[in-house]
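Build me a structure from this.
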Amino acid sequence: MKKSRIERIRNIGIIAHIDAGKTTVTERILYYTGRSYKMGEVHDGEAVMDWMVDEQERGITITSAVTTCQWKDHDIQVIDTPGHVDFTIEVERSLRVLDGAVGVFCGVGGVEPQSETVWHQADKYKVPKLAFVNKLDRIGADFFSVVEQMKKRLAANPLIIELPVGIEDTLVGIIDLIHMKQIIWDDDSLGATFTVEEIEEAHREKAREYREKLLETLAEADDGIMEAYLSETEITDEDLIAAIRRATLGLKLVPVLCGSALKNKGIQPLLDDIVRFMPSPTEVPPIKGVNPKTEESVTCLPKDNDPLAALIFKVSMIEGRKLSFVRVYSGRLKAGGDVFNPFLNKKEKLARILKMHANKRERVDETGPGTIVGVVGLKDSGTGETLCYADHPVILERIEFYEPVISVAIEPKTHADQEKLEEVLKKFLMEDPTLQVKTDEDTGQTILSGMGELHLEVIISRMLREFQTQVNVGKPQVVYRETIQKEGTGSAVFDREVAGQHHFGEVQIKVAPLSRGTGNTFTSELPQGRLPAEFIPAIEKGVMESFDSGSLMGYPVVDVGAVLVGGSFKEGMATELAYRVSASMAARNALEKAGPTLLDPIMDVEVFVSEDFMGEVIGDINSRGGRIESIEPRGVLQVIEATVPLAKMFGYSTDLRSATQGRGTFTMQFARFDKA
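Numbers count the residues shown, from 1 in each chain. Model (predicted):
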């Protein structure tokens, strides 16, 4: 039976830790599918997908790049995501619109911290996954160790479907355990040609052992294979492929492939398996939304003739123009037509629809379900908002964003920069939901807050490069939180005439500390009839507003339980305004009496270092107020896992380099707010 166009679409993301080789894998995919005529290398600053100047200079991916290529009559839409923790939001919003993901792991480094983060993000969105163990040509590579780490660190159920032929400098190809063949690549053709042959005598025993393990693992996940396996009926290659597909789409197994993208080995089988084992848009559960008028649930089926439902998952300002990236879930999107944004309750005009290839684009007149396209012409719509038609409104679930943990003060260098700065910041805020800007009322400075030092560095670099706006930058400041250490009670009366009306409200609030990560709560313990029930929501609102800025340094207050314990009212004078204001004043009063204290952002830090420098590195972490959680060997390196206050981590990369003769590396990501 001929497949429909939508059944031949694969929407996949390449996800991994920084430096595992995601962009190199993507570059090879583009080359072998004929999408690009030459391979761009990350280390040369020529990767097609890393097209921003900052990406090329730093050799890392900063923004998710979208591209489309063809393989065996299938359209593969690929998003190459960043691996650095500062750009986690790029991964989060990409996974929200993808149907499948390829996790790339370094054959030497194994499952690294950011790999865990992005893997669990994919789990959250129930995205089926393939794993590709890369860099098996490097010294210290160990394929089976990486598979073990996947089980231990990711709680994944890996299914080995390929074995490497050789390792490190002897890596020449792979063994395909499904067809029991050996694939050897020709180095002279940049890996474009390869031979499929019988497995060499030296590798047959191992291949048979792992083919048996493949069948055992698959039998546990698939009843059909279990029956055939137990009754010793012949299992054909087609049966195996169909069963692996079912188990992968059902999130029971993760097929594991291997190779070396840099040495051009293993990419064509990866493309085959993306087509074979990753879902089409019709095979993932249909996305659900809510009708904003009736508040009823709406299921958006991937059909051309259904009402339009599309999600804006990213906004980019390219050369000063706004480009919105959209995933179409249902119905058709037409260039030149009107769309409706129910979140803003307004119509927008679609000027152009673009098929994306990194920063190059191709115009199309219309597009249907399952596609990921760029759209020009949307003036006000932003990230996480839905596009639909006014007569069939639907709001799809929005994307969750992260709170920033680090700030810098910026000020324009010249009067001309002053005029540009506000406009430039507006564009960045539209692009990046994890960026926050506010004005410090005491100093008049503009405070820019983001996910890490690198995040803010890139933003400031782009200000100068893309928008020719120069700013002076203050030292990075940590974004703290405040909490309390004991109980406190406060009361306040609001008794005033406002705009010709008398307002009265009296409230007594008790606050108490809650355990870390609980958040803020509000309850009422007033005897019935003490205050009219309609004023309780206004009191809650006033209390919660008071938590927005604490009494110590004005940071948000967290993990506090507030209880309404007393109050009074005067007939004819009691108003919501009075209770809201008095509740806010009473809560502030209570917080001041409850031993306010600061909470530091605490970071999870992993340091990769050789045995020789362990003592110095551990001593340095201790001197920063860090706590060593574990030390474990990984290949030739030792991995030190620790938690350290962010305030003590500024400049750590320079200190680590000098302590380890430039050999030590580390990763850091936000863990929680806590007392240092």
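
all contacts plus neighbour counts: C-alpha atoms, from now on.
Will do.

and L456, what does it touch?
408, 448-450 (CA atoms under 8 Å, 6 or more residues apart in numbering).

Wasn't it part of a helix?
Yes. For L456, which was evaluated using DSSP: H, G, I helix; E, B strand; the rest coil, the result is membership in a helix.

what's the longest helix in the protein?
helix 201-221 (DSSP state H).

For that helix, output the C-alpha coordinates as PDB.
What follows is helix 201-221 as a C-alpha-only set of coordinates in PDB (Å, rounded to 0.1, in the frame of the first residue of the first chain):
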ATOM      1  CA  GLU A 201      35.400 -14.800  11.200                       C
ATOM      2  CA  ALA A 202      37.000 -12.700  14.000                       C
ATOM      3  CA  HIS A 203      33.700 -10.900  14.800                       C
ATOM      4  CA  ARG A 204      31.200 -13.700  14.200                       C
ATOM      5  CA  GLU A 205      31.100 -15.100  17.800                       C
ATOM      6  CA  LYS A 206      30.400 -11.600  19.300                       C
ATOM      7  CA  ALA A 207      27.800 -10.800  16.600                       C
ATOM      8  CA  ARG A 208      25.900 -14.100  17.400                       C
ATOM      9  CA  GLU A 209      26.100 -13.400  21.100                       C
ATOM     10  CA  TYR A 210      24.600  -9.800  20.700                       C
ATOM     11  CA  ARG A 211      22.000 -11.000  18.100                       C
ATOM     12  CA  GLU A 212      20.800 -13.400  20.800                       C
ATOM     13  CA  LYS A 213      20.700 -10.600  23.400                       C
ATOM     14  CA  LEU A 214      18.800  -8.400  20.900                       C
ATOM     15  CA  LEU A 215      16.100 -11.200  20.500                       C
ATOM     16  CA  GLU A 216      15.900 -11.700  24.300                       C
ATOM     17  CA  THR A 217      15.500  -7.900  25.000                       C
ATOM     18  CA  LEU A 218      13.000  -7.500  22.100                       C
ATOM     19  CA  ALA A 219      11.000 -10.600  23.300                       C
ATOM     20  CA  GLU A 220      10.400  -9.000  26.700                       C
ATOM     21  CA  ALA A 221       8.900  -5.900  25.000                       C
END
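
Could you give me the buried positions within that helix?
The neighbour-count criterion (16 or more other CA atoms under 10 Å) identifies 207, 210-211, 214-219, 221 as the buried residues of helix 201-221.

Ok, stretch 370-390 next?
Neighbour-count burial for stretch 370-390, counted by 16+ other CA under 10 Å, picks out 370-378, 381-390.

From the buried residues of helix 201-221, pick the one nearest D123.
Nearest to D123 out of the buried residues of helix 201-221 is A221 (CA to CA; 18.1 Å).

give the contact list for the closest one.
With CA under 8 Å, 6+ apart as the criterion, the residues that contact A221 are 247, 252-253.

any idea whether the nearest residue to M356 once chain neighbours are set aside is helix, strand or coil?
Among residues not flanking M356 along the chain, T67 sits closest, at 5.3 Å (CA to CA, 6 or more residues apart in numbering). Assigned by three-state DSSP, the conformation of T67 is strand.

cool, and T294?
Classification of T294 by three-state DSSP places it in coil.

Please list all residues in contact with M668.
Contacts here follow CA under 8 Å, 6+ apart; on that basis M668 touches 85, 603-606.

Now G259, what are its backbone angles?
Here is the backbone geometry of G259 (degrees, to the nearest 10): phi 160, psi -160.

Need phi/psi at the residue lying farthest from the centre of the chain.
Here the chain reaches farthest from its C-alpha mean at E571, the gap being 53.1 Å by CA atoms, centre = their mean. The main-chain torsion angles of E571 are listed as degrees, to the nearest 10 and equal phi -50, psi 130.

What pLDDT does the model give it?
Looking at E571, its pLDDT reads 83.

Quickly note the distance from D417 to F105.
Taking CA to CA, to the nearest Å as the measure, D417 and F105 are separated by 44 Å.

can you check E629 too?
For E629, the distance to F105 under the criterion CA to CA works out to 24 Å.

ok, Y229 touching T217?
No. Taking contacts as CA atoms under 8 Å, Y229 lies outside contact range of T217: 11.0 Å.

Let's see the pLDDT reported for Q56.
Q56 is assigned a predicted lDDT (pLDDT) of 46.

And S64, by the same measure?
Reading off the per-residue confidence, S64 sits at a pLDDT of 51.

swap in G444?
G444 is assigned a predicted lDDT (pLDDT) of 69.

what do you get for L429?
At L429, the model reports a pLDDT of 77.

got it, and the one 5 residues further on?
Among the per-residue scores, T434 holds a pLDDT of 74.

surely it meets L448?
No. Taking CA under 8 Å as the contact criterion, T434 and L448 are not neighbours in contact, 10.7 Å apart.

need the contact list for A590.
For A590, the residues meeting the contact criterion (CA under 8 Å, 6+ apart) are 488-491, 509-511.

and if we set it to 6 Å?
Residues in contact with A590, defined by CA atoms under 6 Å, 6 or more residues apart in numbering, are 488-490.

Mind putting those residues into a markdown table with neighbour count, secondary structure and pLDDT?
Converted to a markdown table, the contacts of A590 look like this (neighbours: other CA atoms under 10 Å; DSSP: H, G, I helix; E, B strand; the rest coil; pLDDT from 0 to 100):
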| residue | neighbour count | secondary structure | pLDDT |
| --- | --- | --- | --- |
| G488 | 20 | strand | 94 |
| T489 | 22 | strand | 94 |
| G490 | 21 | strand | 94 |
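
low-confidence ranges in the stretch 251-400 of the chain?
Counting by pLDDT under 70, the stretch 251-400 of the chain has low-confidence residues at 318-320, 358-360, 398-400.

tell me which residues of the host helix or strand of F428 are tucked away?
Using DSSP states H and E, F428 sits in helix 415-431. Counting neighbours by 16+ other CA under 10 Å, one finds that the buried residues in helix 415-431 are 417, 420-421, 424-425, 427-428, 430-431.

and P633, bridged to which residues?
Legend: beta-bridge partners of P633 under DSSP bridges are Q638.

So it versus I640, what's the distance?
Using CA to CA, P633 is found at 9 Å from I640.

These two - which one has more neighbours?
The residue with the greater number of neighbours, taking P633 and I640 and applying other CA atoms under 10 Å, is I640; the counts read 21 against 13.

Please identify which helix or strand holds that one.
Element membership for I640, per DSSP H and E: strand 637-645.

Can you get me a residue count around the closest residue to I184 other than its chain neighbours?
In space, not counting the residues next to it along the chain, I184 is nearest to G173; the distance is 4.4 Å by CA to CA, 6+ apart. Taking other CA under 10 Å as the criterion, the count of residues near G173 is 25.

Repeat that for D186.
Around D186 sit 16 other residues, with neighbours defined as other CA under 10 Å.

Helices along the stretch 201-350 of the chain, start to end?
Counting by DSSP state H, counting those that start in this stretch, the stretch 201-350 of the chain has helices at residues 201-221, 223-230, 237-249, 267-277.

And the ones you listed: which comes nearest I167?
Nearest to I167 among the helices of the stretch 201-350 of the chain is helix 201-221 (12.6 Å), distances taken as CA to CA.
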